[in-house]
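Asks: Quick one, fold the following:
(one chain, ligands or ions: 1)
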Amino acid sequence: MDESATPPPVAAQGSGVPSHRVSARPGEVVRCDLGEVTLAVDVRGEGRALLLVHGFPLDRSLWAHQVATLTGWRRIAPDLRGFGASDAPADGYSMATYAEDLVRLLDCLRVSTAVIAGLSMGGYIAFEILRRYRARVAGLILADTRADADSDEGRRGRDEMAALAASQGATAIAGRLVPRLLGRSTQQTQPELVRSLHETIARAPEAGIVGALRAMRDRPDSTALLASIAVPTLIVVGEEDELTPPQLSKAMTAAIPSAAMTIIPAAGHLAPLEAPTAVSRVFGEFLEAVHRP
Ligand code: MLT
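Replies: Here you go, the predicted structure:
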């Protein structure tokens, strides 16, 4: 299934100079040197661009099914800094740096505008791109995410989890998070997915985990942004998502003019992994409507 995660990245780019390479075979991964960091990115297909931004503490394999199946679009699925095969610097993590990285990545790939799909933390980053580079956003897919900032209790929880990552490593984070990320149906019926998600998180670099936790802790509230969103927007949420439950998605849908919402049955917080076929179908229908002549 996760053919994107199998081969090693190829083709390092010249330092600091935007350039691009497009994958020549399924599973080939491009490395884009953005100057401060090099990102690994799976690029498939031709057409209008769809940028797929993963959540915490995952990597581009979250989008394996969508990358494999959404033909007619140029699917661009990067590992964020600190995750997967991208560089994991010791510091420099914030919503601003993730957003700047991704816009530089689009420059590197010679992409002017993209539909941006962000899951959870990926949604927080999509909001940041909208704030900074609205003209680069042709459409939005907000999956299992929320617009508000962390509460005081939530911020304390980030610090506590960062301390756990520093003292016990990524395996402890996997043990803590996997039962919360996956819906109860998935946990009962997809043991292989439970195991592979645990492995993915346990592989995440500690610097990336701690950096992302601090970035999420300090992220701005995006609620006021919602009413100004003028691009076609799809909101997708797993029926059993306990981290960002469907009522949050309903509130975002009500606040964004012309947003539509779909609930994915029997899926939790990671709907693209738990119900990949359903999510790809819903994404595909939305994308077709976005660019229907
Ligand atoms: C994610 O999936 O990216 C995280 O659950 C987001 C968060 O913890 O706020």
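Asks: Can you list the buried residues in stretch 136-152?
Replies: Going by neighbour count (16 or more other Cβ atoms under 10 Å), the buried part of stretch 136-152 is 136-147, 149-150. In this view, the C-beta of every residue, glycine as well, is placed from N, C-alpha and C.
Asks: now, which of those lie within helices?
Replies: In helices, defined here by DSSP state H, there are no members of the buried residues of stretch 136-152.
Asks: May I ask which two of those are separated the most?
Replies: Spanning the widest gap among the buried residues of stretch 136-152 are Ala138 and Asp150, at 29.2 Å by Cβ to Cβ.
Asks: returning to what we had before: which of the buried residues of stretch 136-152 lies at the shortest distance from Gly238?
Replies: Asp144 (6.0 Å).
Asks: Just want the phi and psi numbers for that closest one.
Replies: phi 50, psi 50 (degrees, to the nearest 10).
Asks: That one contacts Leu119, correct?
Replies: Yes: taking Cβ atoms under 8 Å as the definition, Asp144 is a contact partner of Leu119 at 5.5 Å.
Asks: shared neighbours of those two, anything?
Replies: Common neighbours of Asp144 and Leu119, using Cβ atoms under 8 Å, 6 or more residues apart in numbering, are Gly55, Leu270, Ala271.
Asks: What's the PyMOL line that selects buried ones from those residues?
Replies: This is the PyMOL syntax for the buried subset of the shared contacts of Asp144 and Leu119, where burial follows 16+ other Cβ under 10 Å:
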select buried, resi 55+270+271
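Asks: Which ones among the shared contacts of Asp144 and Leu119 also lie next to the ligand?
Replies: Among these, the ones lying near the ligand by Cβ under 6 Å from any ligand atom are Gly55.
Asks: how about the shared contacts of Asp144 and Leu119 in JSON lines, adding pLDDT and secondary structure?
Replies: Below are the shared contacts of Asp144 and Leu119 laid out as JSON lines (pLDDT from 0 to 100; DSSP: H, G, I helix; E, B strand; the rest coil):
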{"residue": "Gly55", "pLDDT": "98", "secondary structure": "coil"}
{"residue": "Leu270", "pLDDT": "98", "secondary structure": "coil"}
{"residue": "Ala271", "pLDDT": "98", "secondary structure": "helix"}
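Asks: And the shared contacts of Asp144 and Leu119, which is closest to Arg219?
Replies: Distances from Arg219 to the shared contacts of Asp144 and Leu119, taken as Cβ to Cβ, are shortest for Gly55 (13.1 Å).
Asks: Contacts only, for that closest one.
Replies: Leu62, Gly118, Leu119, Ser120, Met121, Gly122, Gly123, Asp144, Thr145, His269, Leu270.
Asks: mind listing which of those are in helices?
Replies: Per DSSP H, helices hold the following members of these: Met121, Gly122, Gly123.
Asks: and the stretch 101-250 of the chain, which of its residues are near the ligand?
Replies: Residues of the stretch 101-250 of the chain lying near the ligand (Cβ under 6 Å from any ligand atom): Ser120, Met121, Met216, Leu243.
Asks: need these in TSV with neighbour count and pLDDT, can you?
Replies: Compiled in TSV, these are given as follows (neighbours: other Cβ atoms under 10 Å; pLDDT from 0 to 100):
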residue	neighbour count	pLDDT
Ser120	25	98
Met121	23	98
Met216	22	98
Leu243	17	98
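Asks: between those, which is closest to Glu285?
Replies: Distance ranking of those against Glu285, using Cβ to Cβ, places Ser120 first at 21.9 Å.
Asks: how close does the residue lying closest to the closest one once chain neighbours are set aside get to Pro272?
Replies: Nearest in space to Ser120, with sequence neighbours left out and distances taken as Cβ to Cβ, 6 or more residues apart in numbering, is Gly55 at 3.6 Å. Separation of Gly55 from Pro272 (Cβ to Cβ, to the nearest Å) stands at 9 Å.
Asks: if I look at those two, which residues touch both of them?
Replies: Leu62, Leu119.
Asks: Show me the strands in the stretch 151-293 of the chain, by range?
Replies: Per DSSP state E, counting those that start in this stretch, the stretch 151-293 of the chain carries strands over the ranges 233-238, 259-264.
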